[in-house]
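Trainee: 3D, please:
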Amino acid sequence: MTTNIYEINTYAQQWVKEAGESIRASFPKTLDIKTKSNPNDLVTNIDKETEQYFIKKIKATFPDHQILGEEGYGDKIDELSGIVWIIDPIDGTMNFIHQQRNFAISVAVYENGKGRIGLIYDVVHDELYHVIRGQGVFMNGLELPRLEARGVSESIIALNATWVTENRRLPPSLLAPLVKKARGTRSYGSAALEMVYVASGRIDAYLTPRLAPWDFAAGVIMIEELGGVATNLRGEPFDLIKENSVLVAKPGLHSEILEVYLQGGKW
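Mentor: Below is the predicted model:
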């Protein structure tokens with residue numbers, strides 16, 4: 001990076017922790033809740049204020065950097081040229097509203113389309129996952145081990161039950177056998193958390209037919225850094241400026257899911 005990568009990382013960690021403190025302080029307050037694309041696509045004043053906080057800090061410190069944010073306060077970006085921050089101020093807004101847990105802040109820094117820095121902060125549990133590509137993945141300063149190969153029959157796979165029963169993009173007949181074969185399935189309601197749960201070994205794979213780039217941009221860097229595999233459901237690379245399907249998994253498991261259960265992406 002033209003700007004010192006360690007400088008960016010230091011600022012990013014500081015801002016993520018400060019944003020988390022502000023979010024925790026909002027718990028006793030009444031939220032202003034609105035809907036976006038559908039009645040279950042929720043946004044709060046805290047989502048918006050948190051994104052605006054990041055934008056203010058980034059633009060003041062790194063004025064030549066661009067920002068792609070979920071709530072639309074960043075730049076209009078058609079390609080990932082230069083240095084681009086990809087931000088989800090609260091991933092898992094429904095959980096934030098209903099549970100005040102199981103949500104995360106996700107921040108990624110890409111340079112010319114390549115992920116360099118990723119941070120995912122589980123605000124309630126105070127778990128900060130971060131990666132600088134090529135230098136390992138850490139959770140609160142403790143380095144995570146590389147991911148080991150595993151088969152479907154001994155794996156816990158994260159997916160939303162709705163995708164198994166009702167989905168126009170992916171035939172349910174493909175997912176049902178996978179669910180039956182897996183040791184177990186989970187759904188946490190936050191893509192960022194599900195990504196770091198794969199990275200940390202709490203689950204073995206995560207898949208979804210539709211995800212925005214700010215939901216997975218940071219997690220992908222972590223999983224690849226640890227030897228995992230991250231592609232769309234057809235086995236193709238991601239396009240970081242539009243929605244993608246997502247399949248992230250431990251080595252061996254990714255290819256088994258893709259080839260055996262998703263028919264090599266040829267559905």
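Trainee: And residue 164, how close does it get to residue 187?
Mentor: Going from residue 164 to residue 187 by CB to CB, to the nearest Å gives 10 Å. For every residue, glycine as well, the C-beta is placed using N, CA and C.
Trainee: So the two - more neighbours on which side?
Mentor: More neighbours surround residue 164 than the other of residue 164 and residue 187, with 17 against 14 (other CB atoms under 10 Å).
Trainee: and the closest residue to residue 85 other than its chain neighbours, how many neighbours does it have?
Mentor: Distances taken as CB to CB, 6 or more residues apart in numbering place residue 67 nearest to residue 85, at 4.8 Å, with adjacent residues excluded. By other CB under 10 Å, 19 other residues sit near residue 67.
Trainee: nearest residue to residue 79 other than its sequence neighbours?
Mentor: residue 241 (6.7 Å).
Trainee: Please tell me how far that neighbour sits from residue 81.
Mentor: The spacing between residue 241 and residue 81, counted by CB to CB, is 11 Å.
Trainee: Name the residue in the two with the higher neighbour count.
Mentor: residue 241 (15 against 12).
Trainee: correct me, but the more buried one touches residue 213?
Mentor: Yes. At 6.6 Å, residue 241 counts as touching residue 213 under the criterion of CB atoms under 8 Å.
Trainee: anything in contact with each of these two?
Mentor: Residues touching both residue 241 and residue 213 by CB atoms under 8 Å, 6 or more residues apart in numbering: residue 68.
Trainee: ranges for the helices of the stretch 1-150 of the chain?
Mentor: Under the criterion DSSP state H, counting those that start in this stretch, helices of the stretch 1-150 of the chain are mapped to 5-25, 45-61, 93-98.
Trainee: List the residues that contact residue 193.
Mentor: Per CB under 8 Å, 6+ apart, neighbours of residue 193: 91-92, 102-104, 120, 122.
Trainee: nearest to residue 221, of these?
Mentor: Residue 221 lies nearest to residue 120 out of these, by CB to CB, at 9.9 Å.
Trainee: Quick one: the helices of the stretch 1-150 of the chain as TSV, columns for distance to residue 160, mean pLDDT and mean neighbour count too.
Mentor: Formatted as TSV, these follow (distance: least, CB to CB, whole Å; pLDDT from 0 to 100; neighbours: other CB atoms under 10 Å):
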stretch	distance to residue 160	mean pLDDT	mean neighbour count
helix 5-25	24	97	16
helix 45-61	21	95	18
helix 93-98	12	93	19
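Trainee: any chance of the ones you listed in CSV, with distance to residue 140 too?
Mentor: Converted to CSV, those look like this (distance: least, CB to CB, whole Å):
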stretch, distance to residue 140
helix 5-25, 11
helix 45-61, 21
helix 93-98, 21
